[in-house]
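Undergrad: I need the structure of the sequence given here:
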Amino acid sequence: MDTSAMAQNVVLSEPPVSRLSDFKTITKTGLSLSVVFSCIAGYLLAAETINISKLLFLAFGGYCMVGASNVFNQIIERDLDAVMERTKNRPIPMGRISVKNAFILGAILTIIGLIILYAINPITAMFSAISIFIYTSVYTPLKQKTALSVLAGAIPGAIPFMLGWVACTGHFGLEAGILFMMQFFWQFPHFWSIAWLLDKDYNKAGFKMLPTGTKDRGTVLQIIGYICWTIIICLVPLSDFTGSLKLSIYAAVPVLIAGLVFLYYGFKLFKNKSENTAKKLMAVSIVYLMSMQIIYVLDKFI
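TA: Prediction:
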């Protein structure tokens, strides 16, 4: 039997992958839902009364926009995804979704997302459009050129928390800016812990993600520095200079404790410089962000 026939038999013998599974993969459902979570938290912090329909619009529109960003990213990086272990089985490199169909999906998600978010208010749609533009047109192409791509990626990554506030209030002000800065500073230790963990895979694709270009003390020191900035900005609402965004002393204590745990794992990475520690730091960074947001919301309503 020739090789082409053998390949065909292998393909035919493989179990079919469901369309739903491919949709979840190409839109990165886990990441998209975490973004929706941040949007909802920001909305609740701004809301005097909760408008359920607006909240649902924000969640659905937000998912569409983040999903679209991920689709376009995977179209652009399809050849690079094919060489990395972590991404080689994605729908586009595997041929389960064509580039044409992926682009149509991304366009549909973008249009639906913008229409829904515009129905909430125009400024929410504007920030979402800015986010998808920076992610696909700045962050994605920069990944192979400079580690400053992380700075570009931190901007759309920081928008969701403040987007919820903007969706509720209809304007961008001091409070929304502080929420943006909280998630902006958080992006760096989160990004770099992932980059540390996946350094070999990223090198295959030529991605330049670590700030010093390698897994050294300089990179970890920058991780620790940004964790410190994250802790500080998350405690700023204790003051009287943050408008209607407030944090009580009772809520500040668990926020600080969570931040110190985050910082502890940063120092563990400085000491061990191991992939296992980087994996733990990445997990702790996610727990920290969600915990901080939950504490802020509970502090407002309790």
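Undergrad: poorly predicted segments of this protein, please.
TA: 1-17 (pLDDT under 70).
Undergrad: run the last query once more with 50
TA: Applying pLDDT under 50 to the chain flags residues 1-14.
Undergrad: packing partners of the helix ranked longest in it?
TA: As assigned by DSSP state H, the longest helix anywhere in the chain is helix 275-301. Counting contacts by 3 or more CB pairs under 8 Å, 6 or more residues apart in numbering; DSSP states H and E, helix 275-301 is packed against helix 29-46, helix 174-197, helix 217-235, helix 249-272. Just so you know, the C-beta spots here come from the backbone N, C-alpha and C atoms, and that holds for glycine as well.
Undergrad: mind doing that once more with 7 Å?
TA: Applying 3 or more CB pairs under 7 Å, 6 or more residues apart in numbering; DSSP states H and E, one finds that helix 275-301 contacts helix 29-46, helix 174-197, helix 249-272.
Undergrad: dump those to CSV, plus mean neighbour count and distance to Ile115.
TA: Formatted as CSV, the helices and strands packed on helix 275-301 follow (neighbours: other CB atoms under 10 Å; distance: least, CB to CB, whole Å):
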stretch, mean neighbour count, distance to Ile115
helix 29-46, 21, 17
helix 174-197, 23, 22
helix 249-272, 16, 36
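Undergrad: can you list those helices in a markdown table and add distance to Ser137?
TA: Formatted as a markdown table, the helices and strands packed on helix 275-301 follow (distance: least, CB to CB, whole Å):
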| stretch | distance to Ser137 |
| --- | --- |
| helix 29-46 | 19 |
| helix 174-197 | 18 |
| helix 249-272 | 31 |
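Undergrad: of those, which is nearest Gly164?
TA: Gly164 lies closest, by CB to CB, to one member of these: helix 29-46, at 2.6 Å.
Undergrad: now the angle from the closest one to helix 275-301?
TA: Angle between the axes of helix 29-46 and helix 275-301 is 30 degrees (criterion: axes from the mean of the first three to the mean of the last three CA atoms, to 10 degrees).
Undergrad: who's in contact with helix 29-46?
TA: For helix 29-46, the external contacting residues (CB atoms under 7 Å, 6 or more residues apart in numbering) are 55, 58-59, 62-63, 66-67, 160-165, 167-169, 179, 183, 245, 290, 293, 296-297, 300.
Undergrad: domains for this protein, by residue range?
TA: Following automatic domain parsing, the chain resolves into domains at 18-172, 173-302.
Undergrad: go through stretch 117-128 and flag the buried ones.
TA: Leu117, Tyr118, Ile120, Asn121, Ile123, Thr124, Ala125, Phe127, Ser128 (16 or more other CB atoms under 10 Å).
Undergrad: from those residues, which land in strands?
TA: Judged by DSSP state E, these include no members of strands.
Undergrad: got those as JSON lines, with distance to Asn276 columns?
TA: Output for the buried residues of stretch 117-128, formatted as JSON lines (distance: CB to CB, whole Å):
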{"residue": "Leu117", "distance to Asn276": "40"}
{"residue": "Tyr118", "distance to Asn276": "45"}
{"residue": "Ile120", "distance to Asn276": "43"}
{"residue": "Asn121", "distance to Asn276": "45"}
{"residue": "Ile123", "distance to Asn276": "43"}
{"residue": "Thr124", "distance to Asn276": "40"}
{"residue": "Ala125", "distance to Asn276": "42"}
{"residue": "Phe127", "distance to Asn276": "37"}
{"residue": "Ser128", "distance to Asn276": "37"}
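Undergrad: list the buried residues of the helix or strand Ile112 falls within.
TA: In the assignment (DSSP states H and E), Ile112 maps to helix 99-120. Neighbour counts using 16+ other CB under 10 Å place Ala102, Leu105, Gly106, Leu109, Thr110, Ile112, Gly113, Leu114, Ile116, Leu117, Tyr118, Ile120 of helix 99-120 among the buried residues.
Undergrad: that helix to helix 29-46, inter-axis angle?
TA: Here the directions of helix 99-120 and helix 29-46 differ by 10 degrees (the same axes, to 10 degrees).
Undergrad: for helix 99-120, packing partners?
TA: helix 52-76, helix 122-134.
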